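Novice: Need a 3D model of the sequence below.
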Amino acid sequence: MEPQQLRTFVTVVRLGSFSEAARALGYTQSAVSQQVAALETDLGTAVLHRRPVGPTEAGARLLEHASALLLRIDAARADIARLAGAASARLTVGATPLALGAQVGHALAEVRRVHPTVDLTVRVVAQDDLPAEVAAGAVDLALVDGPAAPSDPLPLPDVGPLATVAVAEQPLAVALPADHPLAGRSGLALADLSAARWLDAPGLAPGGARLRAVTAVDGYRPAARYLGTDVRGLLALVAAGHGPVLLPAAALAGTPGVVGVPVRAPRLVHRTELVHGALPEGPAALLARLLTGDPGGDQPTMRAPGQHGPSTR
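Specialist: Residues are numbered from 1 along each chain as shown. Just a heads-up that it's a prediction; the model follows:
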């Protein structure tokens, strides 16, 4: 089972067409058919229906494995390239919307001062996708955020040998309409709102599954879904009564019609982490040092998962 056969198979499934897959991959349709046939011969079973095009039962199972296998191959290539190659004049930073802030802006300004010709790109990417993009080399390093116990690492997927290190921790608050019965409290337990209908905002705030995990309480069902990354738009929905959300307290300051009530239980913070692979000396390595408070020193030491401070995953 060769990687290129797997890529071809995944592309055919994604596009639902041999001809469209050939066009996307730059092959002839005959070459795509031959690669799928060779894969089926190797596995001893059909993985694709031809009319209409779609995965067989075995193909659906193979698809579950294929994405992870191909990601690991891409991650291995990117990791070796980072170790073997010189620093690039290109710097691509991935970040979740709430991970970007003044600290990052100032650090990037210093990187551009030291490396004035650097080709800088900042991409806002969903948190679930960022570790894989770092592993595969699509971004040089990433900033991710979310709720966690103080000094505990964020629960990120295992996609390869990546290092994570804390950049910042901030207080968390539940955003509520100003006229909500709990808006006047000095603090609350998340469990007090487990029966409420929450705003599901996967690009900005932890969803029900994460809230259930950190509180060990069932509930937190969605009332509405917000698919944007504009915090002001999300808070406008909160003010209109479409449900609470959990956000860093600083993101709520000065928002009309919204009150941020500090979270007292469980003990949580809004944690921002830097995620990266091996970093040759250059713009990416300098940015990592600036964000971790060591602009003139070595890169953060990599430690085992679960330890305080930097960790490898």
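Novice: Strands of the stretch 51-200 of the chain, start to end?
Specialist: Remark: strands assigned in the stretch 51-200 of the chain by DSSP state E, counting those that start in this stretch are 53-55, 90-95, 119-124, 141-148, 163-170, 172-177, 188-189, 197-200.
Novice: got the angle for the third one vs strand 141-148?
Specialist: Spelled out, it's strand 119-124. Angle of strand 119-124 versus strand 141-148, following axes from the mean of the first three to the mean of the last three C-alpha atoms, to 10 degrees, is 30 degrees.
Novice: so what strands line up beside strand 119-124?
Specialist: Its sheet considered, strand 119-124 pairs with strand 90-95 (parallel) by DSSP bridges.
Novice: pLDDT below threshold where in this protein?
Specialist: 78-79, 81-88, 294-313 (pLDDT under 70).
Novice: so where do the helices sit in it?
Specialist: 3-15, 18-25, 29-43, 57-84, 102-114, 130-135, 208-215, 231-239, 283-291 (DSSP state H).
Novice: wait, which of those helices is closest to A191?
Specialist: Among the helices of the chain, helix 208-215 comes nearest to A191, with 5.5 Å by C-beta to C-beta. C-betas here are computed from N, CA, C, even on glycine.
Novice: which helices and strands sit right next to the closest one?
Specialist: strand 141-148, strand 197-200 (3 or more C-beta pairs under 8 Å, 6 or more residues apart in numbering; DSSP states H and E).
Novice: And the shortest one, what does it pack against?
Specialist: In terms of contacts (3+ C-beta pairs under 8 Å, 6+ apart), strand 197-200 is packed against helix 208-215, strand 221-225, helix 231-239.
Novice: then stretch 136-153 to CSV, C-alphas only?
Specialist: What follows is stretch 136-153, C-alpha atoms only, in CSV (Å, rounded to 0.1, in the frame of the first residue of the first chain):
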residue,chain,number,x,y,z
ALA,A,136,2.8,18.9,7.9
GLY,A,137,4.8,22.1,7.5
ALA,A,138,1.9,24.2,6.2
VAL,A,139,2.6,26.7,9.0
ASP,A,140,5.9,27.2,10.8
LEU,A,141,4.4,27.5,14.3
ALA,A,142,1.0,28.1,15.8
LEU,A,143,-0.7,29.7,18.7
VAL,A,144,-3.7,27.8,20.1
ASP,A,145,-5.9,28.6,23.1
GLY,A,146,-8.6,27.2,25.3
PRO,A,147,-9.7,26.4,28.8
ALA,A,148,-7.4,24.3,31.0
ALA,A,149,-6.5,23.8,34.7
PRO,A,150,-3.7,26.2,35.7
SER,A,151,-0.3,25.0,34.3
ASP,A,152,-2.0,22.0,32.6
PRO,A,153,-1.4,21.7,28.8
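Novice: Switch the strands of the stretch 51-200 of the chain over to a markdown table; also include distance to V259.
Specialist: Listed next are the strands of the stretch 51-200 of the chain as a markdown table, based on distance: least, C-beta to C-beta, whole Å:
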| stretch | distance to V259 |
| --- | --- |
| strand 53-55 | 49 |
| strand 90-95 | 28 |
| strand 119-124 | 27 |
| strand 141-148 | 19 |
| strand 163-170 | 17 |
| strand 172-177 | 5 |
| strand 188-189 | 11 |
| strand 197-200 | 15 |
